[in-house]
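Participant: Starting from these lines, generate the structure:
(one chain, ligands or ions: 2)
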Amino acid sequence: MDAKTTIETGRAVLGIEFGSTRIKAVLIDQENKPIAQGNHTWENQLVDGLWTYSIEAIWAGLQDCYAALRADVRKQYNTELENLAAIGVSAMMHGYMAFNKKQEILVPFRTWRNTNTGKAAEELSELFAFNIPLRWSISHLYQAILNGENHVKDIDYLTTLAGYIHWQLTGEKVLGIGDASGMIPIDPETKNYDATMVEKFDNLVEPKGYGWKLNDILPKVLVAGENAGTLTEDGAKRLDVSGHLKAGTPVCPPEGDAGTGMTATNAVKQRTGNVSAGTSSFSMIVLEKNLSRPYRVIDVVTTPDGSAVAMVHCNNCTSEINDWVNLFKQFQELMGCKVDLNKLYTNLFEAALNGDADCGGLLSYNYVSGEPVTDMDEGRPLFIRAANDKFNLANFMRSQLYAAIAVLKIGNDVLFKEEKVNVDRITGHGGYFKTAGVGQRFLAAALNSPISVMETAGEGGAWGIALLASYLVNKDDGQSLPDFLDHHVFEGNTGVEVKPTAEDVAGFNKYIESYTKGLAIEKAAVRFKNAN
Ligand SMILES: Nc1ncnc2c1ncn2[C@@H]1O[C@H](COP(=O)(O)OP(=O)(O)O)[C@@H](O)[C@H]1O
Ligand SMILES: O=C(CO)[C@@H](O)[C@@H](O)COP(=O)(O)O
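Facilitator: Ligands and ions are numbered 1, 2, ... in the order given. Got it, this is the predicted structure:
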């Protein structure tokens, strides 16, 4: 069946992902191949010291992204998008979206990027004997309690960004298990929030006398393929302001971008892994057995079907590269050149390939915000060199690209060297891999492991949630998610693999040695340079 007929007979499936810098929508056909897309660019704001996106920006962004998808459908197929087979919503995970009974947000959305929750995360990690990262929803909630914030008593519902959008589109207060595992830990047996930890938390805050218990305010946990409600009339109008989209479409459990990344790289089975590298970077390896102990640098989350995953998460990845690219753009404008931003990114990324394997001694820290893995509460982006280092564009770009994945390497060394985790295949996706053969080669050097990249590398997440929506309606009876992905989606396609070279590995290790020593310089920068 051609794409136009697929759309006109209501068989297309829609996936929407709220990334940190872009909201992406992708329409797929019955073979799970993308047939149309739309996107919207946005940015987080630092308001009163906390990273946020406003409710207005969330809806304006979603509607603009959907409108761009609709325009693409009209342009490519000269038809209107009215009926869909399934929809899925995914978003950046964690953070804090707390609502009162009137469905009003109580404080601005606190995103995953905030590092103000150190005390809460530390106390909860000890209480639960489980690593609770700063960005998880439970850390945000407990920090608000520790701060004595007045709004806490009024919380009626606490969810993530994906959970919020899903709720507004369907009326259902539910969450996919992967996204839920970034709110509070999941018990792999019950596939629900860990009951012992929930009870410990309720006991901890009992003296405060709030009128709620944790289970009353959290979304219901669902695994991939479970019924999560349908698009309401009101939801359809909020998504498609032109009014063409019809209500009634099943919407799959909303997921986090970790789960959609795993899905889009066929990495939901044990011994498979993937690395997402965009605004933030995070590696995710599906575990064969539990870790021997909790580690502060390893977060345990789940796949969309509930298997345990070890994640190393770094707050900072490409934002600092973007700032430098913007500087080069300004230089081009100054010289009267016409700027093609895509070409500028591609050429600068490719220039890095001509640099020395150790970046000629140059050193960069991309800490736009704090970085928990290396113990930085705040960050100051830095570029450091000695007079005799090999200072040229190739080494400069290479040092920026190494810096973007340096913390990821430090965290993964713990996972592979101390826990001796086994993995057969690691697939990269996200903007860092957009320029073919560059980010991929550097990550292979950093992890000293072959890295695969698929064609969909730049748009993986939106496609991943579209696949989860497709699984909801197109799976065979009783078919598992890994089986559906193997047989209906990937059919043996594992992308293009790049192996690390000995020279690159040695160069990256030398860079990391100097990076680790230089963390004292970064600490001093935080101490002596005001952040405003
Ligand atoms: N040719 C390119 N054009 C635009 N961005 C690029 C390009 N190549 C790499 N990038 C990087 O991709 C990043 C966005 O990656 P993405 O995975 O979409 O991020 P997120 O999901 O966090 O919004 C940008 O910040 C930029 O640094
Ligand atoms: O925190 C997580 C995953 O644990 C992400 O949702 C968060 O880093 C945002 O990811 P992006 O940088 O937008 O891809």
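Participant: Kindly report the residues of the stretch 151-300 of the chain close to ligand 2.
Facilitator: Gly182, Gly256, Asp257, Ala258, Ser276, Gly278, Thr279, Ser280, Phe282 (CB under 6 Å from any ligand atom). All C-beta atoms are positioned from the backbone trio N, CA, C, and that covers glycine.
Participant: Just the pLDDT at the fourth one, thanks.
Facilitator: Going back to what we said before, that points to Ala258. We have a pLDDT of 97 for Ala258.
Participant: what helix or strand is it on?
Facilitator: Following DSSP states H and E, one finds Ala258 within helix 257-264.
Participant: Remind me what that helix packs against, helices and strands.
Facilitator: When contacts are defined as 3 or more CB pairs under 8 Å, 6 or more residues apart in numbering; DSSP states H and E, helix 257-264 packs onto strand 13-18, strand 86-91, helix 177-180, strand 272-277, strand 281-286, strand 308-314, helix 460-474.
Participant: The same query, at a cut-off of 7 Å, please.
Facilitator: strand 86-91, helix 177-180, strand 272-277, strand 281-286, helix 460-474 (3 or more CB pairs under 7 Å, 6 or more residues apart in numbering; DSSP states H and E).
Participant: For Gly411, which non-adjacent residue is spatially closest?
Facilitator: Spatially, and ignoring its direct neighbours in sequence, Gly411 is nearest to Val312 (3.3 Å; CB to CB, 6 or more residues apart in numbering).
Participant: would you list the helices and strands packed on helix 257-264 in JSON lines and tack on distance to ligand 1 and mean neighbour count?
Facilitator: What follows is the helices and strands packed on helix 257-264, written out as JSON lines (distance: least, CB to the nearest ligand atom, whole Å; neighbours: other CB atoms under 10 Å):
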{"stretch": "strand 86-91", "distance to ligand 1": "10", "mean neighbour count": "30"}
{"stretch": "helix 177-180", "distance to ligand 1": "15", "mean neighbour count": "33"}
{"stretch": "strand 272-277", "distance to ligand 1": "7", "mean neighbour count": "28"}
{"stretch": "strand 281-286", "distance to ligand 1": "9", "mean neighbour count": "25"}
{"stretch": "helix 460-474", "distance to ligand 1": "6", "mean neighbour count": "28"}
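Participant: what does the chain have sitting close to ligand 2?
Facilitator: Counting by CB under 6 Å from any ligand atom, the chain sits next to ligand 2 at 19-20, 92-94, 112, 135, 182, 256-258, 276, 278-280, 282, 313.
Participant: try it again with 5 Å
Facilitator: Gly19, Ser20, Met92, Met93, Trp112, Asp257, Ala258, Gly278, Thr279, Ser280, His313 (CB under 5 Å from any ligand atom).
Participant: The stretch 301-450 of the chain: strands as residue ranges?
Facilitator: 308-314, 363-365, 382-384, 425-429 (DSSP state E, counting those that start in this stretch).
Participant: Same list, these, but as TSV with mean pLDDT and mean neighbour count please.
Facilitator: Formatted as TSV, these follow (pLDDT from 0 to 100; neighbours: other CB atoms under 10 Å):
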stretch	mean pLDDT	mean neighbour count
strand 308-314	97	24
strand 363-365	98	25
strand 382-384	98	17
strand 425-429	94	25
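Participant: now these in a markdown table, with distance to Tyr511?
Facilitator: Below are the strands of the stretch 301-450 of the chain laid out as a markdown table (distance: least, CB to CB, whole Å):
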| stretch | distance to Tyr511 |
| --- | --- |
| strand 308-314 | 16 |
| strand 363-365 | 8 |
| strand 382-384 | 12 |
| strand 425-429 | 19 |
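Participant: Show me which of the residues of the stretch 151-300 of the chain next to ligand 2 is closest to Val26.
Facilitator: Asp257 (13.8 Å; CB to CB).
Participant: OK, contacts around the closest one?
Facilitator: Glu17, Gly19, Ser90, Ala91, Met92, Met93, Ser276, Gly461 (CB atoms under 7 Å, 6 or more residues apart in numbering).
Participant: Toward the C-terminus, what is the element adjacent to the helix or strand hosting Val26?
Facilitator: Element membership for Val26 (DSSP H and E) is strand 22-28. Note on strand 22-28: by DSSP H and E, the next helix or strand toward the C-terminus is strand 34-41.
Participant: Is that following strand positioned near ligand 1?
Facilitator: No. Strand 34-41 stays clear of ligand 1 (CB under 5 Å from any ligand atom), getting no nearer than 8.8 Å.
Participant: one step back: tell me which residues touch the residue nearest to Gly411, please.
Facilitator: Val312 makes contact with Phe282, Ser283, Val297, Ile298, Val373, Leu408, Gly411, Asn412, Leu415, according to CB under 7 Å, 6+ apart.
Participant: can we see that at 6 Å?
Facilitator: Ser283, Gly411, Asn412 (CB atoms under 6 Å, 6 or more residues apart in numbering).
Participant: try Ile23
Facilitator: Shown in contact with Ile23 (CB under 6 Å, 6+ apart): His40, Gly61, Cys65.
Participant: can you count the residues close to the second one?
Facilitator: The reference is to Gly61. 19 (other CB atoms under 10 Å).
Participant: how close does the nearest residue to Ile217 once chain neighbours are set aside sit to ligand 2?
Facilitator: Leaving aside its chain neighbours, Ile217 sits nearest to Leu158 (4.8 Å; criterion: CB to CB, 6+ apart). Here the criterion is CB to the nearest ligand atom, to the nearest Å. By it, Leu158 lies 17 Å from ligand 2.
Participant: go on, Gln45?
Facilitator: 15 Å.
Participant: who's that residue bridged to?
Facilitator: As for beta bridges, Gln45 partners with Thr52 under DSSP bridges.
Participant: Count the neighbours of Leu408 for me.
Facilitator: By other CB under 10 Å, neighbour count at Leu408 equals 23.
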